[in-house]
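Asker: show me how the following folds:
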Amino acid sequence: SSTGRGTSGSGIPFNDFSMTSSSITIVAEPDNGTSEPVIAGATIMGAVELTIHGLDHQLIEETAIRLSHSSSSGSTTTSILELGCIGSVGYPDGGSFTFKDFGVVRSLCEQALFEGGPINQGSYRPDGSMSAFVGRSAVGTWTLELYDIGGGETGQITGWDISFVHQPPDADFNGIPDIC
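Answerer: The predicted structure follows:
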């Protein structure tokens, strides 16, 4: 059996010529009978989604966004927005933007090139892959990094959420999770 888990991080600015970050740590919890404990040994099974709230920057081609996860099973990073969305005149409108692998057509950069002007909030495909996190320990630290390589245009996010489906451990490998 698997279950979903979500949690939120704080807002952070895009500062000229710098990288800023915000982290969320998910710790092992006891199996207390709730529907969402992340117990030691649980693994990420899929449906990893990142939602960035209040995403605002006037020059998307100067920005990059990366999501990383560090745990006992190692570190993994994926690109949400690659640096250099060259030629785009689009920019995020300050709304909420969800990044996931399935059920979406365009990346944020593709939308910026296609639309121009403000990019409406909604769901977009990351430039990297959220499936990079599948099979990793569900317990660990998630870090969202914002890069701004230019001067004169700054921005911010007001917060962010990460959600994923995880499965409890099966230490005896009988196909049945080891908790109730």
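
Asker: buried residues in the stretch of helix or strand residue 113 belongs to?
Answerer: Here residue 113, judged by DSSP states H and E, is contained in helix 108-115. Buried residues in helix 108-115, counting neighbours by 16 or more other C-beta atoms under 10 Å, are found at 108, 109, 110, 111, 112, 113. Backbone N, C-alpha and C define where each C-beta goes, glycine included.

Asker: likewise for stretch 137-146?
Answerer: 137, 138, 139, 140, 142, 143, 144, 145, 146.

Asker: out of those residues, who's nearest residue 40?
Answerer: Closest to residue 40 out of the buried residues of stretch 137-146 is residue 139 (6.4 Å), distances taken as C-beta to C-beta.

Asker: give the contact list for the closest one.
Answerer: 26, 27, 28, 38, 40, 42, 71, 72 (C-beta atoms under 8 Å, 6 or more residues apart in numbering).

Asker: which one (most neighbours) among those?
Answerer: residue 42 (23 neighbours; other C-beta atoms under 10 Å).

Asker: now do the same for that residue: its pLDDT.
Answerer: Per-residue pLDDT puts residue 42 at 78.

Asker: could you find the closest non-adjacent residue to it?
Answerer: Spatial nearest neighbour of residue 42, excluding adjacent residues (C-beta to C-beta, 6 or more residues apart in numbering): residue 138 at 4.1 Å.

Asker: no further queries at this time; thank you.
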